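**Student:** make a model of this:
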Amino acid sequence: MGFGLVVRFVARDVTAAHAFDRLAREALKGIRTREPGTLVYVSHAVPDEPRVRVFYELYADREAFEEHERQPHVRRFLAERGQYLESFEVTFLDEIDGKGSSTHGGGR
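**Tutor:** Take a look at the predicted model:
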């Protein structure tokens with residue numbers, strides 16, 4: 001069963017949002033090459049809200065998420081992101097069913 005989360009970040013200003021994007025791109029390089037259990041990791045801009053970014057993350061399972069959190073490229077992102085942010089909010093998700101999901105069949 002997949003494990004996911006959505007994170008909404010609000011940058012201090014538009015300049016900080018662009019710097020945050022650069023930091024996220026650096027982390028994504030490691031995520032793409034070193035994290036087979038990270039199935040989806042996407043950074044989104046929000047139309048008409050230039051300071052807001054939303055990350056959608058989907059992992060094979062909770063253990064894959066925990067492995068993700070231990071990676072040096074993620075540790076750097078977590079340590080440095082605060083300088084650009086006004087706030088952030090994390091919502092954890094437990095998969096029920098869906099297209100492209102790790103669940104095969106009619107939900108729980």
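
**Student:** so where is the protein shaky, pLDDT-wise?
**Tutor:** Flagging of the chain using pLDDT under 70 yields the residue ranges 1, 101-108.

**Student:** may I ask you to name the longest helix in it?
**Tutor:** Counting by DSSP state H, the longest helix found in the chain is helix 14-34.

**Student:** so which elements touch that one?
**Tutor:** strand 3-11, strand 38-46, strand 49-59, helix 72-80 (3 or more C-beta pairs under 8 Å, 6 or more residues apart in numbering; DSSP states H and E). Where C-beta positions appear, they are placed from N, C-alpha and C, glycine not excepted.

**Student:** compute the inter-axis angle for that helix and strand 49-59.
**Tutor:** Put simply, helix 14-34 runs at 20 degrees to strand 49-59, going by axes from the mean of the first three to the mean of the last three C-alpha atoms, to 10 degrees.

**Student:** tally up the residues packed near V74, please.
**Tutor:** Other residues lying near V74 total 19 when counted by other C-beta atoms under 10 Å.

**Student:** thought it was touching A27?
**Tutor:** Yes. Contact criterion C-beta atoms under 8 Å: V74 and A27 qualify, at 6.0 Å.

**Student:** state the distance from R51 to V90.
**Tutor:** Counting by C-beta to C-beta, to the nearest Å, the gap between R51 and V90 amounts to 18 Å.

**Student:** helix or strand for the closest residue in space to R12 that isn't next to it in sequence, which one?
**Tutor:** In space, and not counting its chain neighbours, R12 is closest to E86: 5.1 Å by C-beta to C-beta, 6 or more residues apart in numbering. Using DSSP states H and E, E86 maps to strand 85-94.
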